[in-house]
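Novice: predicted model follows, preceded by the sequence.
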Amino acid sequence: MFKHCVFLSLRSENEMPAIREAMAILAGLVDKVDGMSDFAWGPNRDFERKSQAYQCGFVVTFANREAHLAYEVHPDHVRAGGMLVAACRGGADGIFVTDLEIG
């Protein structure tokens, strides 16, 4: 199992409507992608003051790499991903991704 963790550096707060729409699309993939078990997103509170550049993010749990690959190519992910790239500072450079293997 692994956690797909994505953090977004937004161009401005005006991007939040597009972010909310993209998050709704991604959340809908839980019922469409086998092996994708949950999706959660929210604002970055940055209590340790180490990630001010990233205003929000999301975490997805996948059973295995195959599930993640199915998510990557799903048309809803491609659509939402394009929305996120458009909303982030520097486009794709404004998106930080980590995939943590659990267990």
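Specialist: That came in fine, so what should we check first? Numbers count the residues shown, from 1 in each chain.
Novice: buried set for stretch 17-35?
Specialist: Using 16 or more other CB atoms under 10 Å as the burial criterion, the residues of stretch 17-35 that qualify are Ile19, Ala22, Met23, Ile25, Leu26, Ala27, Leu29, Val33, Gly35. To be clear about C-beta, it is placed using only N, CA and C from the backbone, and glycine gets the same treatment.
Novice: any chance of TSV for those residues, columns secondary structure?
Specialist: Compiled in TSV, the buried residues of stretch 17-35 are given as follows (DSSP: H, G, I helix; E, B strand; the rest coil):
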residue	secondary structure
Ile19	helix
Ala22	helix
Met23	helix
Ile25	helix
Leu26	helix
Ala27	helix
Leu29	helix
Val33	coil
Gly35	coil
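Novice: between the residues you listed, which is nearest Trp41?
Specialist: Met23 (4.8 Å; CB to CB).
Novice: skipping adjacent residues, who's closest to that closest one in space?
Specialist: Leaving aside its sequence neighbours, Met23 sits nearest to Trp41 (CB to CB, 6 or more residues apart in numbering; 4.8 Å).
Novice: list just the nearest of the buried residues of stretch 17-35 to Glu72.
Specialist: Distances from Glu72 to these, taken by CB to CB, are shortest for Val33, at 9.7 Å.
Novice: hang on, the earlier thing: tell me what the residue nearest to Met23 is bridged to.
Specialist: Here Trp41 shows beta-bridge partners Phe58, assigned using DSSP bridges.
Novice: what about it, neighbour count?
Specialist: 18 (other CB atoms under 10 Å).
Novice: so who does it touch?
Specialist: Listed by CB atoms under 8 Å, 6 or more residues apart in numbering, the contact set of Trp41 reads Met23, Leu26, Ala27, Cys56, Gly57, Phe58, Val59.
Novice: and the fourth one, how many neighbours?
Specialist: In other words, Cys56. Residues within reach of Cys56, counting by other CB under 10 Å, total 18.
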